[in-house]
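Chemist: Return atomic coordinates for the entry below.
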Amino acid sequence: LLSACGSLFSLEKALNSFLHQRSDWWAFTENNDNNCDYATDVLKQQLDVDLDSNPIEAFFNSRNLEMLRQFAALLAQHDTKTNLKFADAIAMSLAHETYDQQTFAIVYDCFYTSAGSPRVRKDSPTLRKKIGDDGTDQLLELNTLLTARIHDAIDQSNRQKTFELNRLWYQCGEAYINHYQTLKQQQRLLDFTDLEWSTYKLLQGSENALWVQYKLDNRIKHLMIDEFQDTNPTQWQLVRPLLEEFASKDEKSDNSVFLVGDAKQSIYRFRRAEPRLFKTASEWLYQHMQAQSQPLNKSWRSSPAIIDFVNRLFSDGELHEQLPEYIPHETVHESLWGQVTLLPLIRAAEQDEIPETFTLRNPLKMPRQQIGEQGLTEGQLVAETIQSLIEQTVMIEEGASTRPARYRDILILLPMIAPTSPPKTMST
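Modeler: Numbers count the residues shown, from 1 in each chain. The predicted structure is shown next:
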């Protein structure tokens, strides 16, 4: 796994990620004799991967080799500098009859750009004049076929790499979890995940589950959950038995359920929050308890400028795909002044690679290595923006009056980011 991850930093990140999601792992592999074998079998089916084949070698079959030779010959007839370069590259790579990863990379470069997009080869009068109508049709057909087959070979290769990386991750991750759990047991400790999982087992799988659910149902008449968008899958499974007890009663029951949340405000991903559970819970409650949804899309806090920006952000593009049920918002403060300013994105400069020692750092003797000045540049830009707001005497409301903005009116929200070296990029 260390070799696959490429660095100690990436290895530590991968293992800690697995540890952080251990209750998901326990739920996924529950009631199986061999957790890793079960997980890899499921992954193999999902990836639809053939582990016994070599996609790169398989690409260089007799049919594809003949197509490549024909393509190179036709391309050379349209003797532009670029076409001759690609035709010579294909011919020379095939002449060695050593069809390995290096040969495939040369062929790939003739059909795909460095950005991974297929090279554009179009029909044109000049092309037809050079190689004729039949030659043009054949060249374009070969280009389409070979581009697709190269893509298929890369796709299968990536599936194999993904499978192998995850297989190693499962094995090392489970061992990591077991060691972590043993250390806690030796010290008689339980963390929050242990409490969640133990409660889940008590309510779902124990011999006393029905009795516990019955006792809870007798004590709980009204279930109210705020900030539901930050609920994680295990917590949802804890709530389900109580909801099922509620749903099993007749219509005269005085039990009630009240969930409040806003999917776009989900910020507890580090606690495995899953905002899509809000939709799942809403559908379950409607189906089993005829519960009604009451969308609240009117803000009592923000200005029209803020609301318009939020609407544009969530009504189109990637964020809309994540929240397709988003309803455009309004505000009661129709005349309230506001402004949204997008600062330019500060990209990290390329740095010389720090040699990987594959040894643990002694924090008492060796400082943590930091790369780049991206954070400093961003901080300076934010500071200049704040200074500009103060110097321009931007007015803000305070009660029924207005006054110039002061430094203490400004709040800066930051993600919790450790100043560590970024992980190496790993292609899968």
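Chemist: what about C172, how many residues close to it?
Modeler: C172 has 18 neighbouring residues, counting by other C-beta atoms under 10 Å. The way it works is simple: take the backbone N, C-alpha and C, and place the C-beta from them, glycine included.
Chemist: and the closest residue to it other than its chain neighbours, what does it touch?
Modeler: Once flanking residues are discounted, C172 sits nearest to L1: 4.8 Å by C-beta to C-beta, 6 or more residues apart in numbering. Residues counted as contacts of L1 (C-beta atoms under 8 Å, 6 or more residues apart in numbering) are L11, A14, L165, L168, W169, Q171, C172.
Chemist: So what does the last one look like in phi/psi?
Modeler: Main-chain dihedrals, C172, degrees, to the nearest 10: phi -70, psi -40.
Chemist: any idea how far it is from H179?
Modeler: 11 Å (C-beta to C-beta, to the nearest Å).
Chemist: Show me where the stretch 1-150 of the chain has its helices.
Modeler: Assigned by DSSP state H, counting those that start in this stretch, the helices in the stretch 1-150 of the chain fall at 2-5, 8-20, 22-28, 35-47, 55-59, 62-77, 81-95, 101-111, 125-186.
Chemist: Could you pull out the buried residues of the fifth one?
Modeler: In this case it means helix 55-59. For helix 55-59, a neighbour-count test (16 or more other C-beta atoms under 10 Å) marks P55, I56, A58, F59 as buried.
Chemist: Also the shortest one?
Modeler: Of the residues in helix 2-5, those scored as buried under the neighbour-count criterion (16+ other C-beta under 10 Å) are A4, C5.
Chemist: Ok, stretch 381-396 next?
Modeler: For stretch 381-396, by 16+ other C-beta under 10 Å, it's L389.
Chemist: tell me the mean pLDDT over that stretch?
Modeler: Mean pLDDT, stretch 381-396: 92.
Chemist: which other residues reach it?
Modeler: 337, 341, 343-344, 346, 402-407, 409-410, 412.
Chemist: if we go to 10 Å?
Modeler: 337-339, 341, 343-344, 346, 401-407, 409-410, 412, 414 (C-beta atoms under 10 Å, 6 or more residues apart in numbering).
Chemist: And the pLDDT for the residue in the chain sticking out farthest from the centre?
Modeler: Most distant residue from the mean C-alpha position of the chain: K129, 49.0 Å away (C-alpha atoms, centre = their mean). According to the predicted model, the pLDDT of K129 comes to 92.
Chemist: Would you confirm that it contacts H78?
Modeler: Yes. Counting by C-beta atoms under 10 Å, K129 does reach H78; the two are 9.3 Å apart.
Chemist: which residues are common contacts for those two?
Modeler: By C-beta under 10 Å, 6+ apart, the residues touching both K129 and H78 are T136.
Chemist: need the contact list for the closest residue to N143 other than its chain neighbours.
Modeler: Take N143 and drop its neighbours on the chain: the residue closest to it by C-beta to C-beta, 6+ apart is R121, 5.0 Å away. With contacts defined as C-beta under 10 Å, 6+ apart, the neighbours of R121 are L75, H78, N83, F86, F111, L127, L139, L140, L142, N143, T144, T147.
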